[in-house]
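**Q** Here's a sequence, model it:
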Amino acid sequence: MAYQFNDGEVYDGPTITLPDGRVVSGATFTPESRRLYEIEVVPEPVVVAQVTEAVRARDDSGRLVADDKATPEVNEAWVGGKAPKKKAVRKKKSGS
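**A** Residues are numbered from 1 along each chain as shown. Presented below is the predicted three-dimensional model:
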């Protein structure tokens with residue numbers, strides 16, 4: 001557990017829990033002991049890779065590059081080697 005003083009200063013030394021539940025600083029209870037307040041230790045956030053939009057591959061002239069059918073596992077027409085999934089198209093209902 002982590003503790004801090006009333007003024008916000010973080011304390012990481014020895015602590016004593018008094019019979020009434022208060023936590024104070026120091027190895028023994030003395031007039032110099034100060035009351036401590038428990039603070040929540042927040043773990044560092046996990047960095048997640050950002051999803052980028054699929055981008056068409058282009059050659060040096062700026063023209064689009066075609067997919068090479070000889071390599072079915074890699075799609076050379078898209079940067080990263082995979083084409084984006086196609087969006088589902090909803091069919092219109094016939095009115096009556």
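**Q** show me the residues around the residue nearest to Arg22 when sequence neighbours are not counted that make contact.
**A** Distances taken as C-beta to C-beta, 6 or more residues apart in numbering place Arg35 nearest to Arg22, at 6.0 Å, with adjacent residues excluded. C-betas here are computed from N, CA, C, even on glycine. By C-beta atoms under 8 Å, 6 or more residues apart in numbering, the residues touching Arg35 are Phe5, Asn6, Arg22, Val23, Val24, Ser25.
**Q** Dump the residues you listed into CSV; add neighbour count as well.
**A** As requested, the contacts of Arg35 are exported to CSV (neighbours: other C-beta atoms under 10 Å):
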residue, neighbour count
Phe5, 13
Asn6, 9
Arg22, 12
Val23, 16
Val24, 17
Ser25, 18
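**Q** Mind picking the two most distant members of those?
**A** Using C-beta to C-beta, the pair of those lying farthest apart is Phe5 and Arg22, separated by 13.0 Å.
**Q** buried ones in stretch 13-27?
**A** Thr15, Val23, Val24, Ser25 (16 or more other C-beta atoms under 10 Å).
**Q** Check stretch 30-37 too.
**A** Ser33, Leu36.
**Q** Okay, now it: how far is its last residue from its first?
**A** End-to-end distance for stretch 30-37, by C-alpha to C-alpha, to the nearest Å: 18 Å.
**Q** quick one, strands of the chain?
**A** Shown for the chain, the strands assigned by DSSP state E span residues 2-4, 10-11, 15-17, 23-25, 35-39.
**Q** Would you convert those into a markdown table that also reports distance to Ala54?
**A** Putting the strands of the chain into a markdown table (distance: least, C-beta to C-beta, whole Å) gives the following:
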| stretch | distance to Ala54 |
| --- | --- |
| strand 2-4 | 44 |
| strand 10-11 | 46 |
| strand 15-17 | 55 |
| strand 23-25 | 55 |
| strand 35-39 | 44 |
